[in-house]
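Just a sequence and a predicted model for now, questions to come.
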Amino acid sequence: MNTPNILTLLRVVMIPFFVAAFLTAGISDWVTLAIFALAAITDALDGYIARKKNLVTDFGKLMDPLADKLMVITAFICFTAADIIHPLITVTVVAREFFVTGLRGIATTNGKVIAADIWGKAKTVSQYVAIIVVLVKRSVGASSESFLGILATVSIAAMIVLTIVSLINYCIKNKEFLKG
């Protein structure tokens with residue numbers, strides 16, 4: 001097990017700690033933010049190390065994007081449960097992630113790998129930014145009308161746009177796997 005794969009597994013292990021911190025009264029919201037920020041850093045770090053030191057593995061190719069999706073989906077489910085965001089936002093994120101994962105699975109059975117492109121990477125960054133902004137807003141107790149409240153709304157809106165654009169892009173670029 002190499003360092004990038006350990007970082008990927010660490011991200012998965014952080015998920016229940018994130019949920020526990022988010023849902024437990026008495027635990028500082030800053031702890032929740034720190035856990036998510038650490039998970040986001042491990043995502044950037046594992047990919048960087050894997051490419052720089054030529055440690056790319058089949059395990060990493062499968063588990064890294066899965067770990068990302070699990071962390072992001074978990075955060076959005078927590079936000080919906082706490083009535084921070086509308087359920088339609090969470091459903092949109094989850095549906096896109098499952099659809100693209102399914103499309104990648106179909107492509108794999110046909111001998112093709114669908115790699116993340118610039119739109120998928122922009123979507124992931126926008127998800128991380130939106131989640132972190134929402135967690136900062138929650139940590140400081142900012143109102144929806146405050147600068148952080150407006151920034152949270154804008155970052156979520158931008159994330160939804162990129163989520164939909166990246167989905168459309170994957171469908172157009174891989175339409176042969178959507179036929180039949």
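Structure received.

what's the distance between T24 and T32?
Separation of T24 from T32 (CB to CB, to the nearest Å) stands at 9 Å. To be clear about C-beta, it is placed using only N, CA and C from the backbone, and glycine gets the same treatment.

ok, those two, which is more surrounded?
T32 (23 against 10; other CB atoms under 10 Å).

Which strands or helices does whichever strand or helix holds the more buried one pack on?
Assigned by DSSP states H and E, T32 belongs to helix 29-52. Applying 3 or more CB pairs under 8 Å, 6 or more residues apart in numbering; DSSP states H and E, one finds that helix 29-52 makes contact with helix 3-23, helix 58-81, helix 118-140.

Ok, which of these comes nearest I150?
The closest of these to I150 is helix 118-140. By CB to CB, the value is 9.7 Å.

Quick one: residues in contact with the closest one.
28-30, 32-33, 36-37, 40, 43, 68, 72, 75-76, 79, 84-85, 93, 100, 116, 146, 148-149, 151-152, 155-156, 158-159, 162-163, 165-166, 169-170 (CB atoms under 8 Å, 6 or more residues apart in numbering).

Please spell out the PyMOL selection for the buried subset of those residues.
A single PyMOL command suffices to select whichever of the contacts of helix 118-140 are buried according to 16 or more other CB atoms under 10 Å:
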select buried, resi 29+32+33+36+37+40+43+68+72+75+76+79+84+85+93+100+116+148+151+152+155+156+159+162+163+166+169+170
